[in-house]
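Student: Structure for this input, please:
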Amino acid sequence: MRLSVQDKGLRNKKLNCWEVKRCDRGPGAAEHGREPCPAATETRLDKVHGGRNAGRACWVVAGTFCGGRPQGTHAAKLEVCKNCSFYRQVEGEEGKKFQRPLFLLAKLRNPSRRIDVSQRKFGVLIGGSGLIGGALMHYFKTKTGEEIEILSPNSKKLSLREPEDIKQYFKKYRPDFLINAAIAAIDSDAQLTYATNYLGSINLAKVAMALKIPYIHFSSAATLPSGENLTEDQVRPLTPDLSNYAKSKLMAEKTLRHLHETQGLDYTIIRLGVVYGKHDHKIQGFHRLLFTIANQAMPFMLTRRDALHSYTSTVKIPPFVHYILEKRDEFSGQTYHFVDHNPVALSQLILTIKHYLDIKIPREIYISYPVAGFGANILKVFLKALNKLGIEARLPAEMMFMKDFYQTQTLSSAKLINSSYGNPDPERSIFTELPSIIEYYITRWEHLNLVSAYNSCSFDPLRQTEQFEREPENLINAIHRGSIDPLASFEELREDPADQTQD
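Tutor: Numbering: from 1, shown residues only. Predicted coordinates:
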């Protein structure tokens, strides 16, 4: 039998499933009044095995029209698909290049710029596991609906210290915007701090330039001197005596500004004060202060009565980021202080926390900085001796900023207030949020046995906690008999959603 020119062309071409099965549900099906198969419209698998869309990877796409009717999830259909002649055909044609189903499913689970780009923006957030990054992740996943898709790779997928990691990641994902909320720990050595806070931040900026997208960078009041009502341009001089943390953040700010002026980088720097909020799994920053007081490890006041600082609420940050992403003409190439309008006296904050916890210390006796510094140095010597004995102990990283406890540093928010964004939620402050923050962290630290119990009369009408500790056998027998029922009911899940819809 002699083959026609058309048949010879088909034999040499890598065919898609709709071409082999002749189901008439390919990409052009709508023109003939038929619904295209999901495999014909799934763009995330385009060019896999040389096919169009998912035409040569249809076995991992849910809802395909195999057999003339929609199929179920990939898990329900995969075993059937493995016995399909088309699956075996592609597997044979590709040989060692055949991509396994789990790898293809990962492509479907991971968003990319190709996902519904006409309807949705896609961003990458670096540092999503931290206090600020966590607040941003929660906001973009719950408050923006279908408008924005956000991806936050961990350090195993993308290390800021590895330029090749950055390059490979953004070859795969090409976002519409990039947010950097990642930092090295404030007591990290010079090499880690420089590589993460400076080189990593600037490499991300260069990615943003290459992709021609906005870059949002979080910085710190550590780049500013002491003083009151400091404006955005009143930065410290870049000198060797700065801490590694302050030095790296200041260098990053300077280079971002240079890249904007010389190469057109579209960036915004958001400079924060002392950050407070819930859901921080590390004890750091403001939460270190709260922990120290709750643990009754501060016998006296390690500050001055009149030392003032600016504070930043994590709840307020995400809406501002969302806003400036939409208003690039106004906010591009700018630095903004993002702090609560009113500064906070550290002494007042400490005494307020003491009042809420109903404890006797710290005593309202103010220790001068020279005396406090001398005491800290003695403690360092003692801890070094313990380390030599094999006992791991060290001062909290925040102690390197102890001098700042005694100096006023307040940031002006006038530039932000005069912008189109204005003064966000002016009534919210560390004092309005303090009761709920204390309740959240004290409860967490109690459960982890990090602080002494403050809630000895916790609401426990069935006395389950006491039984759990002392009589676990009696407790489980009581649960099984039904004499107590601490478990929730999920009977409503037995109802058929289809029946509810019909009703």
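Student: now the strands for the stretch 151-300 of the chain?
Tutor: Along the stretch 151-300 of the chain, counting by DSSP state E, counting those that start in this stretch, strands occupy 177-180, 215-220, 227-230, 267-272, 274-276, 300-301.
Student: May I see the ones you listed organised as TSV, with distance to His287 added?
Tutor: The way it works is simple: take the backbone N, C-alpha and C, and place the C-beta from them, glycine included. Putting those into TSV (distance: least, CB to CB, whole Å) gives the following:
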stretch	distance to His287
strand 177-180	22
strand 215-220	16
strand 227-230	24
strand 267-272	15
strand 274-276	8
strand 300-301	19
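Student: give me the number of residues near Ala190?
Tutor: Using other CB atoms under 10 Å, Ala190 has 10 neighbouring residues.
Student: for the stretch 1-150 of the chain, which spans come out with low pLDDT?
Tutor: Scanning the stretch 1-150 of the chain for pLDDT under 70 picks out the ranges 1-12, 67-79, 102, 106, 109-120, 145-146.
Student: mind listing the strands in it by residue range?
Tutor: Under DSSP E, counting those that start in this stretch, the stretch 1-150 of the chain gives strands at 121-126, 148-151.
Student: Out of those, which is the most enclosed?
Tutor: strand 121-126 (a mean of 22; mean count of other CB atoms under 10 Å).
Student: in its sheet, what does it sit against?
Tutor: strand 148-151 (parallel), strand 177-180 (parallel) (DSSP bridges).
Student: And the closest residue to Pro225 other than its chain neighbours, how close does it get to Ile293?
Tutor: Spatially, and ignoring its direct neighbours in sequence, Pro225 is nearest to Arg236 (5.1 Å; CB to CB, 6 or more residues apart in numbering). Using CB to CB, to the nearest Å, Arg236 is found at 29 Å from Ile293.
Student: Minimum distance to Glu433: which of the strands paired with strand 121-126 has it?
Tutor: strand 177-180 (23.5 Å; CB to CB).
Student: Now the closest one - C-alpha only, CSV.
Tutor: Extracted in CSV, the C-alpha atoms of strand 177-180 (Å, rounded to 0.1, in the frame of the first residue of the first chain):
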residue,chain,number,x,y,z
PHE,A,177,6.8,41.1,40.5
LEU,A,178,9.4,40.2,43.0
ILE,A,179,9.4,40.8,46.8
ASN,A,180,12.4,40.3,49.0
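Student: from the chain's centre, how far out does it sit?
Tutor: Here strand 177-180 is found 11 Å from its chain centre; the criterion is CA atoms, centre = their mean, to the nearest Å.
Student: Give me the contacts around it.
Tutor: The contact list for strand 177-180, computed with CB atoms under 8 Å, 6 or more residues apart in numbering, reads 121, 123-127, 136, 201, 204, 207-208, 211, 213-218, 321, 325.
Student: can we see that at 7 Å?
Tutor: 123-127, 136, 201, 204, 207-208, 213-218, 321, 325 (CB atoms under 7 Å, 6 or more residues apart in numbering).
Student: what does stretch 291-308 give?
Tutor: Residues from elsewhere that reach stretch 291-308 (CB under 7 Å, 6+ apart): 283, 343-347, 350, 353-354, 357, 359, 361-367, 372, 405-408, 410, 442, 445, 451.
Student: Just the ones of those in helices?
Tutor: Counting by DSSP state H, the part of those found in helices is Leu346, Ser347, Ile350, Ile353, Lys354, Leu357, Ala372, Phe405, Ile442, Trp445.
Student: ok, now which ones touch the fourth one?
Tutor: By that I understand Ile353. Leu290, Ile293, Ile438.
Student: Next, count neighbours for the second one.
Tutor: Spelled out, that is Ile293. 22.
Student: follow-up on the earlier one: looking at the ones in helices among the contacts of stretch 291-308, spot the one nearest Lys97.
Tutor: Trp445 (53.4 Å).
Student: for the residue nearest to Gly28 when sequence neighbours are not counted, phi and psi?
Tutor: In space, Gly28 comes closest to Pro36 once its chain neighbours are excluded; the distance is 7.9 Å by CB to CB, 6+ apart. Per-residue torsions, Pro36: phi -60, psi 150 (degrees, to the nearest 10).
Student: Pro36 touches Arg25, doesn't it?
Tutor: Yes. Counting by CB atoms under 7 Å, Pro36 does reach Arg25; the two are 5.7 Å apart.
Student: Comparing the two, which residue is more hemmed in?
Tutor: Arg25 (23 against 18).
Student: ok, and the closest non-adjacent residue to the more buried one?
Tutor: Nearest one to Arg25, counting by CB to CB, 6+ apart, is Cys37 at 4.0 Å.
Student: residues touching that neighbour, list them.
Tutor: Trp18, Cys23, Arg25, Thr64, Phe65.
Student: 10 Å instead?
Tutor: 16-18, 21, 23-27, 29, 53-55, 58, 61, 63-66, 70-71 (CB atoms under 10 Å, 6 or more residues apart in numbering).
Student: Any of the residues you listed buried? List them.
Tutor: By neighbour count, with 16 or more other CB atoms under 10 Å, the contacts of Cys37 hold 16-18, 21, 23, 25-27, 29, 53-55, 58, 61, 64-66, 71 as buried.
Student: Inside helices: which ones of those?
Tutor: Cys17, Trp18, Lys21.
Student: ok, for the first one, nearest residue in space, not its chain neighbours?
Tutor: Spelled out, that is Cys17. Leaving out its chain neighbours, the residue that sits closest to Cys17 by CB to CB, 6+ apart is Cys58, at 4.6 Å.
Student: buried residues in stretch 291-311?
Tutor: For stretch 291-311, a neighbour-count test (16+ other CB under 10 Å) marks 291-294, 298, 301-304, 307-311 as buried.
Student: Need the strands of the stretch 1-150 of the chain in a markdown table (columns: distance to Pro486).
Tutor: Converted to a markdown table, the strands of the stretch 1-150 of the chain look like this (distance: least, CB to CB, whole Å):
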| stretch | distance to Pro486 |
| --- | --- |
| strand 121-126 | 38 |
| strand 148-151 | 37 |
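Student: For Ile186, find the nearest of the ones you listed.
Tutor: Closest of the strands of the stretch 1-150 of the chain to Ile186 is strand 121-126, at 17.6 Å (criterion: CB to CB).
Student: Send me the closest one as PDB with only the CA atoms.
Tutor: What follows is strand 121-126, C-alpha atoms only, in PDB (Å, rounded to 0.1, in the frame of the first residue of the first chain):
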ATOM      1  CA  LYS A 121      -0.700  38.400  38.300                       C
ATOM      2  CA  PHE A 122       2.000  36.100  39.500                       C
ATOM      3  CA  GLY A 123       4.600  37.100  42.100                       C
ATOM      4  CA  VAL A 124       7.600  35.500  43.800                       C
ATOM      5  CA  LEU A 125       8.200  36.300  47.500                       C
ATOM      6  CA  ILE A 126      11.600  35.500  49.100                       C
END
